[in-house]
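S.K.: output the structure for:
(one chain, ligands or ions: 2)
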Amino acid sequence: MEGPKLTDVVLLACGSFNPITNMHLRMFELARDHLQDTGRYRVVKGIMSPVGDGYKKKGLIKGSHRLEMARLATETSDWITVDSWESLQPEWVETAKVVRHHYEELPAAEQNNDDVDTVKYAKKRRIKENYFKGSSHQKSKERPQVKLLCGADVLESFAVPNLWKQEDIIEILGHGLVCITRSGCDPHKFINQSDVLWKYRNNIHVVHEWVTNDISATHVRRALRRGQSVKYLLPDPVLRYIKEHDLYNAESEQKNADVVLAPLQRFTGASSS
Ligand SMILES: Nc1ncnc2c1ncn2[C@@H]1O[C@H](COP(=O)(O)OP(=O)(O)OP(=O)(O)O)[C@@H](O)[C@H]1O
Ligand SMILES: NC(=O)c1ccc[n+]([C@@H]2O[C@H](COP(=O)(O)O)[C@@H](O)[C@H]2O)c1
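M.R.: Ligands and ions are numbered 1, 2, ... in the order given. Predicted coordinates for the structure are as follows:
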């Protein structure tokens, strides 16, 4: 007997990853388990998309370093990948556009294979195998969904005036969102209090992290500046890379210190000084 039809999902996490921590990686594993436990989804790929330098967040080091650290961190994963498109854009890209980009990049849905000539099909399959890291992707006739994966702080930031365009929130929620609980945040209450989030509540998956883990990149940078150990908060190859390139110190933390909330300025036209 055939089981219920599963919807393929690509999980996309956008963020500074400054630097990538074990919790960023855990988010993917938690989200995949949660979605697959529903019996409705099959997670076929994870994409980590470091934000570009144009984001100008305080202490944000160069995208090339953040990208390389994310690559080192995901080397041992057979399904989480790192994508450079967002970080290579000359200006900051709103998250809705990043979701759209990845949705449009998905390999076209497979047609009926009997109709496709062998050479063309082999080429198509190679493209698809390269796209899906573990090359174990099954033949699905439908395009996967791209769901934004984020922590509850990002979901709650939807309410910060002028930080997110309403149409962007609607576009993101239309694709679907997976939100990992974070201490100090109450995503269920937040969804209940927002009309737009309530409308899309069936497309928002809240994943409760029972093993509370409040690692944050801010905490890691602070510890590094103070010469304290961050071992076991990040993958070892990432830690080695940070040390080799002397990445986080008092000077790097001052980067963009004179710029206040870059995205906010973009929408309001406010000056940074
Ligand atoms: N401990 C955590 N629990 C749940 N989600 C997290 C955690 N740490 C990071 N995230 C999520 O990971 C994504 C990328 O995080 P990002 O690097 O922008 O933030 P961060 O680690 O909180 O960094 P910073 O401390 O520099 O603000 C965001 O969606 C964020 O909410
Ligand atoms: N309007 C938007 O699209 C918008 C606003 C704020 C943050 N973000 C994104 O959220 C992610 C996390 O940002 P923070 O590190 O500032 O929490 C980043 O990838 C950033 O680009 C998007």
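S.K.: where does R100 fall, secondary structure wise?
M.R.: helix 95-105 (DSSP states H and E).
S.K.: what's next to that helix, contact-wise?
M.R.: Residues outside helix 95-105 that contact it (C-beta atoms under 8 Å, 6 or more residues apart in numbering) are 10, 12, 14, 47, 49, 83, 85-86, 93, 143, 146, 148, 165, 167-169, 171-172, 175. Where you see a C-beta, it was placed from the backbone N, CA and C, and this is true even at glycine.
S.K.: how about the residues of this structure by ligand 1?
M.R.: Proximity of the chain to ligand 1 (C-beta under 6 Å from any ligand atom) is limited to residues 13, 15-18, 23-24, 27, 150-151, 153-154, 180, 182, 213-218.
S.K.: re earlier: tell me if the helix holding R100 is near ligand 2.
M.R.: Yes - for a cut-off given as C-beta under 6 Å from any ligand atom, helix 95-105 has contacts with ligand 2, namely 95-96.
S.K.: for stretch 221-232, same thing?
M.R.: No - figure legend: stretch 221-232 not in contact with ligand 2 (C-beta under 6 Å from any ligand atom); closest approach 12.4 Å.
S.K.: cool, and stretch 206-218?
M.R.: No - with C-beta under 6 Å from any ligand atom as the threshold, stretch 206-218 lies outside contact range of ligand 2, at a closest distance of 8.1 Å.
S.K.: okay, that stretch in PDB with CA atoms only?
M.R.: Extracted as PDB, the C-alpha positions of stretch 206-218 are listed here (Å, rounded to 0.1, in the frame of the first residue of the first chain):
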ATOM      1  CA  VAL A 206       7.400  26.200  15.100                       C
ATOM      2  CA  VAL A 207      10.000  23.700  16.300                       C
ATOM      3  CA  HIS A 208      10.400  23.600  20.100                       C
ATOM      4  CA  GLU A 209      14.100  23.100  21.000                       C
ATOM      5  CA  TRP A 210      13.900  21.100  24.300                       C
ATOM      6  CA  VAL A 211      17.600  21.000  24.800                       C
ATOM      7  CA  THR A 212      17.800  24.800  25.200                       C
ATOM      8  CA  ASN A 213      20.900  26.100  23.600                       C
ATOM      9  CA  ASP A 214      21.500  29.800  23.600                       C
ATOM     10  CA  ILE A 215      24.800  29.900  21.700                       C
ATOM     11  CA  SER A 216      24.900  33.100  19.800                       C
ATOM     12  CA  ALA A 217      27.500  34.400  17.400                       C
ATOM     13  CA  THR A 218      27.700  37.500  19.500                       C
END
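S.K.: so for that stretch, what gets flagged as buried?
M.R.: Neighbour counts using 16 or more other C-beta atoms under 10 Å place 206-207, 209, 213, 215-217 of stretch 206-218 among the buried residues.
S.K.: from those, pick the one nearest S64.
M.R.: Within the buried residues of stretch 206-218, the smallest distance to S64 is 17.0 Å, found for A217 (C-beta to C-beta).
S.K.: which non-adjacent residue is nearest G15?
M.R.: Residue nearest to G15 in three dimensions, not counting chain neighbours: V51, with 6.5 Å by C-beta to C-beta, 6 or more residues apart in numbering.
S.K.: surely the one you found meets E94?
M.R.: No - using C-beta atoms under 8 Å, V51 is not in contact with E94; the gap is 10.6 Å.
S.K.: the more surrounded of those two?
M.R.: Per other C-beta atoms under 10 Å, whichever of V51 and E94 has more neighbours is V51, with 23 against 17.
S.K.: and the more buried one, what's its pLDDT?
M.R.: Reading off the confidence values, V51 has pLDDT 98.
S.K.: what of A122?
M.R.: 55.
S.K.: likewise A159?
M.R.: 95.
S.K.: likewise G3?
M.R.: We have a pLDDT of 73 for G3.
S.K.: what's the nearest residue to it if we skip its chain neighbours?
M.R.: Taking C-beta to C-beta, 6+ apart, and ignoring the residues beside it in sequence, G3 has G39 as its nearest neighbour in space, at 7.9 Å.
S.K.: cool, thanks, signing off.
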